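>>> With the sequence up front, the predicted model follows.
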Amino acid sequence: MEKKYLGKYDIVVIGAGHAGCEAALAAARMGKKTLVFSINLEAVANMFCNPAIGGTGKGHLVREIDALGGYMGQCIDKTFISSRMLNRSKGPAVHSLRAQADKRKYHEEMKRHLEKMPNLFLKQGEVIDVDFDEDNRVKGVMLKTGSYYECDAVIIATGTFLRGKIFIGDSNYFSGPNGLAPSMELADNLKAKGFELRRFKTGTPCRALSSSIDFSKMEKQENDEHVVPFSFMNDNIDKEQEYCYLTYTNADTHRILRDNFSRSALFGGDIEGIGPRYCPSIESKVDRFADKSRHQCFVEPEGLSTEEMYLQGMSSSMPEDVQLAFYKSMAGLENIEIVRPAYAIEYDCIDPLDIKLNLEHRKFKGFFCAGQFNGSSGYEEAAAQGLMAGANAALWLDHKDPFIIDRSEGYIGVLIDDLVTKGTNEPYRIMTSRAEYRLVLRQDNADDRLTERGREIGLVDDERYERYLRYKKLKEDEKERLKSTKYKGQSLAELLKHPENTYDSLAEIDPDRPELPQFVKTKLEVEIKYEGYISKQLIQIERFKKLEKKGLPGDIDYNDIDGLRLEAQEKLNELKPTSVGQASRISGVSPADINVILVYLEKLRRSR
């Protein structure tokens, strides 16, 4: 096929899912001429699985993406149809926002935002090869049509399209999600160039017509009356909301599934990819948790312009006749009309141990990786990596230091550090339990933690930054006023620390208080109520940062360090950690090995 040269770009993004969108937007905001490709423009920011944004841990990621200037938070604020704050009965560290999206409107809003962004060019096309020079440095990309685009960096964000394969019972065929074309040649060409790929698997439940569902037999899920926005650019949102519903599996459902385990693609041995432990198929749940008498099934609308409902928690690789039978066994679904069957999908991805903290590949220069290509799962995890890959590709082109968020600064740091330092043997999902410093890494203070950092490298625009400074001053001024204002011998701040009191409940005795947005009140209340605990965690963070600041030269040969165990030498030479802190989190490196490294560094310092 004749090679057709079609121009030069700074950065090419392969894939326009949630990772690709945030990657392209970040690079363009930082002034790079950015070209993003999607096999089909209908796939831009599409929600191929659950039509929702946020959730436990994931809501924190969305807030952090927003604090850094990303668009996911603003997009869902414009397109959600129901919203709830999860874990309200628990402490503020694990409060997590989740919103049901109108999936078509979400896609349309994100696509429009990409189209309007300066420096960003969105095109439909299938990239089948990445061109490297003799030093393994990115030169350009080739499309299926023979079109060639020169570029200095590539961000790959292929989601589940890379050699995607659908499984429904004994039927399987190569396909991207939702019947879209898979990316086959790119996977083959990457492997030929020396990329080591492996297979992961995920799945999605059926979609059913709402008119065939009896919601009177289900539990209605109440939405929050006062909606908390995802984006720090929004003070409040007032709109009419749709409802989600809850039903359950039962003994009949489980019997039907058990009787047909042999017909499941998952149990039949056809699927070689590893699936997510924290989002298993319904047949896996029934098999793994045989003692449980029922499992939840949330029935959720896909949007305002469709009758399709999403059955969360019921993904499956069973054949369609079995699917129809087990869905019909559940209360409210007796007359279900399935419009899209559940399926499992297998896809190629990389071992994240092959990439660095800035998400650049260890062997291929200017080749950055994001999203499910890195072994993660979830829209939010993908978008967070995309933003960081876009920012770091732009910085790399300018020969500037990489933009790294560490574990004490954000869930984004926990996510990336877990992937590239510890690796993963299954699709990785963020959870609040993965964060050691979660009392400090709350969703309400993501802007305080990250907006300044995003501003330093050009991710945060003037409007967002000025708004952030204005509200930060409001909060600090009010905190000082509460500490200095007395009532019956106690300051208002001391009164607010009492468990039964809230900022709003003190209004009766505090008539001179200023008008504040709700998110500022929330942040203020948490900071005052948990001041002692937060102070203790900040001390822990200081200890953590001491090890993170102890850098490790990239040219160390760990075989030359006496006293290191053989396993530690092999792992350290393979992964080349950038700090003692990162080295301490590598599987196979013991505390004793870290002590040996610290002694070695001290000897090195003295000799110099």
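Received, thanks. Residues are numbered from 1 along each chain as shown.
>>> Helices of the stretch 251-400 of the chain, start to end?
Ranges of helices in the stretch 251-400 of the chain, per DSSP state H, counting those that start in this stretch, are 251-259, 282-288, 320-328, 379-397.
>>> Between these, which one is closest to Lys479.
Of all the helices of the stretch 251-400 of the chain, helix 379-397 sits nearest to Lys479, with 29.6 Å by C-beta to C-beta. For glycine as for every other residue, the C-beta is placed from the backbone atoms N, C-alpha and C.
>>> Relative to Tyr245, which of the helices of the stretch 251-400 of the chain is closest?
Counting by C-beta to C-beta, Tyr245 lies closest to helix 320-328 out of the helices of the stretch 251-400 of the chain; the figure is 14.2 Å.
>>> Just the buried positions in the closest one, please.
320, 322-327 (16 or more other C-beta atoms under 10 Å).
>>> what sits opposite Phe367 in the beta ladder?
When bridges are called by DSSP bridges, Phe367 pairs up with Val154.
>>> Can you give me the distance of it to Lys144?
Plainly put, Phe367 is 20 Å away from Lys144 if you go by C-beta to C-beta, to the nearest Å.
>>> Could you provide the buried residues of helix 320-328 in TSV, with additional columns for pLDDT?
Below are these laid out as TSV (pLDDT from 0 to 100):
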residue	pLDDT
Glu320	97
Val322	97
Gln323	97
Leu324	97
Ala325	97
Phe326	97
Tyr327	97
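>>> Could you dump the residues you listed into JSON lines with distance to Lys356 added?
Formatted as JSON lines, the buried residues of helix 320-328 follow (distance: C-beta to C-beta, whole Å):
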{"residue": "Glu320", "distance to Lys356": "44"}
{"residue": "Val322", "distance to Lys356": "45"}
{"residue": "Gln323", "distance to Lys356": "43"}
{"residue": "Leu324", "distance to Lys356": "48"}
{"residue": "Ala325", "distance to Lys356": "49"}
{"residue": "Phe326", "distance to Lys356": "45"}
{"residue": "Tyr327", "distance to Lys356": "45"}
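>>> What are the neighbouring residues in contact with the residue nearest the centre of the chain?
The centroid of the chain falls nearest to Glu381 when counting by C-alpha atoms, centre = their mean (1.2 Å). By C-beta atoms under 8 Å, 6 or more residues apart in numbering, Glu381 lies in contact with 58, 61, 371, 415, 428-430.
>>> just to revisit the earlier point, more neighbours: which of Phe367 and Lys144?
Higher neighbour count among Phe367 and Lys144: Phe367, with 24 against 17, using other C-beta atoms under 10 Å.
>>> Tell me which residues touch the more buried one, please.
When contacts are taken as C-beta under 8 Å, 6+ apart, Phe367 is in contact with 130, 132, 138, 153-154, 156, 360-361.
>>> now do 7 Å
130, 138, 154, 360-361 (C-beta atoms under 7 Å, 6 or more residues apart in numbering).
>>> Enumerate the beta-bridge partners assigned to Asp131.
Gly140.
>>> right, and it touches Gly140 too?
Yes - with contacts counted by C-beta atoms under 7 Å, Asp131 reaches Gly140, the gap being 4.4 Å.
>>> higher neighbour count, those two?
Gly140 (21 against 17).
>>> Looking at the more buried one now. What's its pLDDT?
Confidence at Gly140, expressed as pLDDT, is 98.
>>> My read is that it contacts Glu150, right?
Yes - the pair Gly140 / Glu150 is scored as a contact, 4.3 Å apart, by C-beta under 7 Å.
>>> For the nearest residue to Asp135 once chain neighbours are set aside, list the residues it contacts.
Counting by C-beta to C-beta, 6 or more residues apart in numbering, Lys365 is the residue found nearest to Asp135 once chain neighbours are left out, at 6.8 Å. Contacts for Lys365 (C-beta under 7 Å, 6+ apart) come out as 135-138.
>>> pLDDT score assigned to Lys365?
For Lys365, pLDDT reads 98.
>>> out of the helices of the stretch 251-400 of the chain, which comes closest to Ala16?
helix 379-397 (10.0 Å).
>>> Now do the strands in the stretch 51-200 of the chain.
Listed in chain order, the strands of the stretch 51-200 of the chain (DSSP state E, counting those that start in this stretch) span 52-54, 80-86, 96-101, 120-124, 127-132, 138-143, 147-156, 165-168, 171-174, 197-204.
>>> buried sites along the longest one?
Meaning strand 147-156. For strand 147-156, by 16+ other C-beta under 10 Å, it's 147-149, 151-156.
>>> now swap in the shortest one and tell me
Residues of strand 52-54 classed as buried: 52-54 (neighbour count, 16+ other C-beta under 10 Å).
>>> what's the answer for stretch 301-316, then?
For stretch 301-316, by 16+ other C-beta under 10 Å, it's 301-303, 306-316.
>>> got it, and stretch 558-571?
In stretch 558-571, residues buried by neighbour count (16+ other C-beta under 10 Å) are 558, 561, 564, 568-569, 571.
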